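Q: coordinates only, sequence not included:
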């Protein structure tokens, strides 16, 4: 097993399937361990790690049922807080989007929108939509890292999900994120319809306008 | 070079005088109400009444005269409109009367920038926690980008409102911290990290509900409140560190006074091999020195304000400002 990423929340190892189980087409797998955090108390730490491990597995399963490209799951282990899943070998959109011409960028963004539309149709919120969590393999965009995902089909959380993607694009692809995000919404509308897209645009505006002092003044008077 | 800065985005009116190397004066007066909470107009009246004497005191303490000042800086936003307008008016008056350049400063950015005046921290991820603000910010691509912020109320407000609801009075933060130290039993409360953002209103509602049910000890609720809210703050900060690859963390804002939050953030930083720094409290809370220092950096970098540019911005976003001075 080789450590390939130490994120904020988990250690991610790349392994061969046969190292863990039995020989199987040279298949590669990802082993994701959720790490304990010393800064938080044990009760919160164990609760969060367990909840997130179980939920991540369920989310991946349901997303796949609804036609979203996500990794297969091979094993869930709640003793070690570990998930073993398919390794998606491809290129991260974070880097890829900066390399390709604008036209291709926007088409990839539209495809992100379509995938996200299907995900939301499945009643799933990704919770951490960034272009670091999207991989292109054989022409298909895969969503990975459902670590902060949720089962939720409300307009509010879908709006937050889109708002977060917009914010992430703004910080990573700040030179062209406005066009890019528009393309995401176009693709999204193809899957969920113009009506839904319009509702969500309004929701995003509302979320953005909830500047602290706008809403807060009311509270602070109390 | 000497800069004078006026802060007044919310409760606190502050006047600071600084050079590139040190704070010459940093004077405060905080508008207080018995029950806590703030009425913007009353706070603004407070600021208007006290600005003159605070300016005088600051100049005396710094042992400089107004003629020695090279630039006047003021907190342009974000904040409460009436308070901001008092401060901007005072700054304009000084600038016109003494023929000094004027610079409008973003309050949130100033909180993080001032750390550089008192430490050798260079390029940190900043966790800025106060009554109205809760943001994780860091410099990337020439701006302070927001890597996470509250989607509803600031952590300081959440603490104060909880304290008020359970009858602890204002300000609530220190009282909750004291009670929390005696808490032993963790009571589950909603933990809300949404991607990189946070939410505290659900936690507040549930904590108040638990208190009103009469089934739990207030010490345990205070303890659980802090542990839950702070774990979320630290988690979001850690994500920003991982995302940006930076290796310095600073904690600023009024809630930086909380020792448990410091301890948690410090443990996280240590485990990631990052440096952790908290400035002295007078530079953490809302203060004039941070405005003066940021104004000084901006002015030295050639940023010029005409009077028409000094209009206050109640919703001044952290990522609106092009950072050309570092």
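A: The structure has been received and is ready for your questions. Here the structure is a predicted model, which means the values were calculated and not measured.
Q: Which residues does the longest helix along chain A contact?
A: The longest helix of chain A (DSSP state H) is helix A:42-65. Contact with helix A:42-65 is made by A:9, A:32, A:34-37, A:40, A:70-73, A:76, A:78, A:81-83, A:85, A:118-119, A:122-124, A:143, A:146-151, B:186, B:188, B:191, B:227-228, B:231, as judged by CB atoms under 8 Å, 6 or more residues apart in numbering or on different chains. Quick note: C-beta positions are derived from backbone N, CA and C, even for glycine.
Q: mind running it again at 7 Å?
A: Here helix A:42-65 makes contact (CB atoms under 7 Å, 6 or more residues apart in numbering or on different chains) with A:34, A:36-37, A:70-71, A:73, A:76, A:78, A:81, A:83, A:119, A:122, A:124, A:146-147, A:149, B:186, B:191, B:227-228, B:231.
Q: Within the sheet, what are the partner strands of the helix or strand that that helix is followed by, with directions?
A: Note on helix A:42-65: by DSSP states H and E, the next helix or strand toward the C-terminus is strand A:73-77. Applying DSSP bridges to the sheet, strand A:73-77 is found paired with strand A:82-86 (antiparallel).
Q: Strand partners (parallel or antiparallel) of the helix or strand following the strand it pairs with?
A: Where DSSP H and E defines the elements, the next helix or strand beyond strand A:82-86 is strand A:91-92. Note on strand A:91-92: by DSSP bridges, its sheet partners are strand A:134-137 (antiparallel).
Q: pLDDT averaged over the strand it pairs with - what is it?
A: Strand A:134-137 shows a mean pLDDT of 97.
Q: Quick check: buried residues in that strand?
A: A:134, A:135, A:136 (16 or more other CB atoms under 10 Å in any protein chain shown).
Q: Can you tell me which of the residues you listed is nearest residue B:309?
A: residue A:134 (40.2 Å; CB to CB).
Q: ok, for the closest one, nearest residue in space, not its chain neighbours?
A: residue A:93 (4.2 Å; CB to CB, 6 or more residues apart in numbering or on different chains).
Q: What count of nearby residues applies to that neighbour?
A: When counting by other CB atoms under 10 Å in any protein chain shown, one arrives at 25 neighbours for residue A:93.
Q: Can you name the residues that contact it?
A: Applying CB under 7 Å, 6+ apart to residue A:93 gives the contacts A:108, A:131, A:134, A:136.
Q: Per the annotation, how does chain A divide into domains?
A: A:2-86, A:91-221 (automatic domain parsing).
Q: Span of the first one from start to end?
A: Meaning domain A:2-86. Terminal residues of domain A:2-86 are spaced 15 Å apart (CA to CA, to the nearest Å).
Q: average pLDDT across it?
A: Regarding domain A:2-86, the rounded mean pLDDT is 94.
Q: Go ahead and confirm residue A:186 touches residue A:113.
A: Yes - judged on CB atoms under 7 Å, residue A:186 makes contact with residue A:113 at a distance of 6.2 Å.
Q: okay, these two: which has more neighbours?
A: Legend: neighbour count by other CB under 10 Å for residue A:186 and residue A:113, higher for residue A:113 (25 against 15).
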